[in-house]
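Colleague: Quick one: sequence plus predicted model below, questions after.
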Amino acid sequence: MVEQETTEQKNAGQNNLLEVSGIETSYGLSRVLFGISLNIAQGEMVSLMGRNGMGKTTTVRSIMGLTRASAGSIRFAGQEIRDLPAYRVAKLGIGLVPEGRQVFPNLTARENLVATSANRNGAPDPWTLEKVLALFPRLAERAGSMANLLSGGEQQMLAIGRALMTNPRLLILDEATEGLAPLIRDEIWCCLQNLRAAGQSILLIDKNVEALTRIADRHTIIERGRVVWSGTSADLAGSADIQHRYLGV
């Protein structure tokens, strides 16, 4: 049962870029999601939070069409996408930075970025190779290096840049800073804050509550495949009980 629901969610409607309503997803006979709902408005940054194994990545996979939801609705820019294959979801304008980065190891950093370059939705000021390298100066220095020789932090920057090169209307990051050194994490948070300020819509999974409440607009917490809490950054920052109950180790 959801403990708190914001006015924005209650009034979800035509302004939402993404609307996920009551989706259920299984792996074989094992049900993982039990009626997950969340929404993201144009230009919003929303986090999806919860302990490991609670269904966050499965929610992302369901949105992307990588693991099909068996019930519920997933609407993007007003279009139902629940039954679309992943490549069509991506073409509509959803860019994914997957958990574990999954860069193309046998391509250079530059080739990884160029390989995904597209502006299918006609962005007036599209992302280009030059813009991504300016956003991540470390990548500019390593542009000619094979992706498998980059550090973990550089690979994460590359994965974000690769997603941006598709000029997504919605950017999804699964475990945005997991396993990264503190200085690299700070660079990633700064990058995401700049993207949000520029109007990029973002769905973000991460475990850093302090950073998330600093830069995100709203948060949805899931527990065992169900939404158990949703609210604003101020709501979450001021609720130590919620943090301890659903996010503490």
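Modeller: Arrived safely, thanks for sending.
Colleague: in the helix or strand encompassing Arg31, what's buried?
Modeller: According to DSSP states H and E, Arg31 maps onto strand 30-41. Under the neighbour-count criterion of 16 or more other C-beta atoms under 10 Å, strand 30-41 has Val32, Leu33, Phe34, Ile36, Ser37, Leu38, Asn39, Ile40, Ala41 buried. From N, CA and C alone the C-beta is placed, and that goes for glycine too.
Colleague: Just checking: what are the partner strands of that strand?
Modeller: Strand pairing for strand 30-41, determined by DSSP bridges: strand 16-27 (antiparallel).
Colleague: out of the buried residues of strand 30-41, who's nearest Ser201?
Modeller: Lowest distance from Ser201 to the buried residues of strand 30-41 (C-beta to C-beta) belongs to Ile40, with 5.8 Å.
Colleague: got a list of what the closest residue in space to that closest one that isn't next to it in sequence touches?
Modeller: Distances taken as C-beta to C-beta, 6 or more residues apart in numbering place Leu18 nearest to Ile40, at 4.4 Å, with adjacent residues excluded. Shown in contact with Leu18 (C-beta atoms under 8 Å, 6 or more residues apart in numbering): Leu38, Asn39, Ile40, Ile63, Ile74, Arg75, Phe76, Leu170, Ser201, Leu203.
Colleague: Equivalent analysis for Phe104, please.
Modeller: Glu111, Asn112, Ala115, Ala147 are the contacts of Phe104 under C-beta under 8 Å, 6+ apart.
Colleague: Widest-spaced pair of the residues you listed?
Modeller: Maximum pairwise distance among these (C-beta to C-beta): 10.7 Å, between Ala115 and Ala147.
Colleague: now the helices for this structure?
Modeller: Assigned by DSSP state H, the helices in the chain fall at 7-10, 56-64, 86-92, 109-115, 129-135, 137-141, 152-164, 182-197, 209-215, 233-237, 240-246.
Colleague: need the ones you listed in TSV with mean neighbour count and mean pLDDT, can you?
Modeller: Shown next, in TSV, are the helices of the chain (neighbours: other C-beta atoms under 10 Å; pLDDT from 0 to 100):
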stretch	mean neighbour count	mean pLDDT
helix 7-10	12	43
helix 56-64	24	97
helix 86-92	15	96
helix 109-115	19	96
helix 129-135	16	96
helix 137-141	16	93
helix 152-164	23	95
helix 182-197	16	94
helix 209-215	17	95
helix 233-237	17	95
helix 240-246	14	94
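Colleague: Point to the residue nearest the middle of the protein.
Modeller: Closest residue to the average C-alpha location of the chain: Ile172 at 2.2 Å, with C-alpha atoms, centre = their mean.
Colleague: can you name the farthest residue from the center of this structure?
Modeller: Centroid-distance maximum for the chain: Gly144 at 27.4 Å, with C-alpha atoms, centre = their mean.
Colleague: Can you tell me who Thr232 pairs with across the strands?
Modeller: With DSSP bridges as the rule, Thr232 is bridged to Arg218.
Colleague: That one contacts Asp217, doesn't it?
Modeller: Yes - assessed by C-beta atoms under 8 Å, Thr232 is found in contact with Asp217 at 7.0 Å.
Colleague: Quick check: pLDDT value at Glu3.
Modeller: Predicted confidence (pLDDT) for Glu3: 48.
Colleague: so what's Gln155 up against?
Modeller: Residues near Gln155 by C-beta under 8 Å, 6+ apart: Arg101, Val103, Ala147.
Colleague: ok, now Trp189?
Modeller: Residues near Trp189 by C-beta under 8 Å, 6+ apart: Thr177, Asn208, Ala211, Arg214, Ile215.
Colleague: Taking the residues you listed together, which two end up most distant?
Modeller: Comparing all pairs in the contacts of Trp189 by C-beta to C-beta, the longest separation belongs to Thr177 and Arg214, at 13.0 Å.
Colleague: about what we covered before: show me the two of the contacts of Leu18 that sit farthest apart.
Modeller: Every pair of those checked by C-beta to C-beta; the farthest is Ile74 and Ser201, at 15.1 Å.
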